[in-house]
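S.K.: How does the following fold in three dimensions:
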Amino acid sequence: MGQYIMKSAYNVLRDNSMDANVGNKKSFWTRLWHLKILLKVKHFMWRVICDCLPTKDRLLSKWVEVDSKCPVCNLIDETSLHALGFCPVAALCCQLQGVRFDSAAINNTTDWVQEIYQHSGRSEVNKIFMIALMIWNNRNDVVWKQKGRGAKSSCRQGCVNPEMAEAIGIREALSWVKEHNWPQVVVESDCLGAIQANSCSSISLSYLGRIIDECKRLLLELKSRNATLRFVKRSANMVAHF
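M.R.: Okay, here's the model as predicted:
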């Protein structure tokens, strides 16, 4: 004759809700709870595995009227797996940390975590789970605070030197910031010449000089919003060359 306790009921419900492909369910959860990582990260990953994050697909399943598209990329419907692993922004964050996933072998968040367990050491698992939480926090900033990283691209025909091309890019970026009224913006460039030209007080009558003057004017207009330019090495600016 068995004994009913809340813990045993929880274990049954938890295991029944998991993918049948998970072999040792107890070992699967034990590995998560024994990680040397912040408790909030463990709790977050528990929510990810149980698929109880308030993503668009989950909200729609509860009859909440929302747009189904991912709020970050706005390309396809948002699920937990898309938001953390396969959204272009999330995928790029992982790739920049040397983490790649085989999308063909992953159908849900349980598969995703199993893939991480099988191909990563303990420290790498900790890093990936921390990245996942930061990706989710960025997603929430986009949804609730209209914050987060933005991106814009354009194509121009012609042949110019690197300083000219970068100066035009800086001007476009500053114009974009002004258009959206964003505060506390840092525009990064890996072209030292363009950054130095914007901090130089001398006046040039060349075409490059006119572009730089426009950048300076925009920076002055954006001074109240604390917009700044900053040089970064190309090795630290991989997103721009992805």
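S.K.: Where is the longest helix in the protein?
M.R.: In the chain, with assignment by DSSP state H, the single longest helix is helix 122-145.
S.K.: Report the buried residues of that helix.
M.R.: Using 16 or more other CB atoms under 10 Å as the test for burial, helix 122-145 gives 125-133, 135-136, 138-139, 142-143. For glycine as for every other residue, the C-beta is placed from the backbone atoms N, C-alpha and C.
S.K.: Then stretch 86-94?
M.R.: Neighbour counts over stretch 86-94 (16+ other CB under 10 Å) mark Phe86, Cys87, Val89, Ala90, Ala91, Cys93, Cys94 as buried.
S.K.: Mark which of those residues are part of helices, please.
M.R.: Val89, Ala90, Ala91, Cys93, Cys94.
S.K.: For the residues you listed, give me a markdown table that also has distance to Trp33 and pLDDT.
M.R.: What follows is these, written out as a markdown table (distance: CB to CB, whole Å; pLDDT from 0 to 100):
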| residue | distance to Trp33 | pLDDT |
| --- | --- | --- |
| Val89 | 29 | 84 |
| Ala90 | 24 | 85 |
| Ala91 | 27 | 84 |
| Cys93 | 25 | 78 |
| Cys94 | 23 | 77 |
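S.K.: would you list these in JSON lines and tack on distance to Pro54?
M.R.: Below are those laid out as JSON lines (distance: CB to CB, whole Å):
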{"residue": "Val89", "distance to Pro54": "18"}
{"residue": "Ala90", "distance to Pro54": "17"}
{"residue": "Ala91", "distance to Pro54": "21"}
{"residue": "Cys93", "distance to Pro54": "21"}
{"residue": "Cys94", "distance to Pro54": "22"}
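S.K.: Of these, just say which sits nearest to Ser27.
M.R.: Nearest to Ser27 among those: Cys94, at 24.8 Å, using CB to CB.
S.K.: Return the closest of the ones in helices among the buried residues of stretch 86-94 with respect to Ser224.
M.R.: Ser224 lies nearest to Val89 out of these, by CB to CB, at 29.0 Å.
S.K.: isn't the closest one right up against Cys73?
M.R.: Yes: Val89 is within contact range of Cys73, at 6.2 Å (criterion: CB atoms under 8 Å).
S.K.: so where do the helices sit in the chain?
M.R.: 6-17, 25-33, 39-49, 56-61, 80-81, 88-96, 109-119, 122-145, 162-180, 192-199, 207-221.
S.K.: picking that back up, what's the most distant pair in the buried residues of stretch 86-94?
M.R.: Most distant of those, by CB to CB, are Phe86 and Cys93, 11.6 Å apart.
S.K.: Kindly state the domain boundaries assigned to this protein.
M.R.: Annotated domains of the chain cover 6-145, 162-241 [automatic domain parsing].
S.K.: Lowest average confidence across the ones you listed, which one?
M.R.: Note on the domains of the chain: lowest mean pLDDT is at domain 162-241, with a mean of 79.
S.K.: what's the distance between it and the middle of its chain?
M.R.: 24 Å (CA atoms, centre = their mean, to the nearest Å).
S.K.: Repeat that for stretch 138-146.
M.R.: Stretch 138-146 sits 11 Å away from the centroid of its parent chain (CA atoms, centre = their mean).
S.K.: Output it as CSV, nothing but the C-alphas.
M.R.: Taking Å, rounded to 0.1, in the frame of the first residue of the first chain, the C-alpha atoms of stretch 138-146 are listed here in CSV:
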residue,chain,number,x,y,z
ASN,A,138,16.4,41.9,-23.2
ARG,A,139,13.2,40.5,-24.8
ASN,A,140,11.2,41.9,-21.8
ASP,A,141,12.8,45.3,-22.2
VAL,A,142,11.7,45.4,-25.8
VAL,A,143,8.1,44.4,-24.8
TRP,A,144,7.6,46.5,-21.7
LYS,A,145,10.1,49.4,-21.9
GLN,A,146,10.6,49.7,-25.6
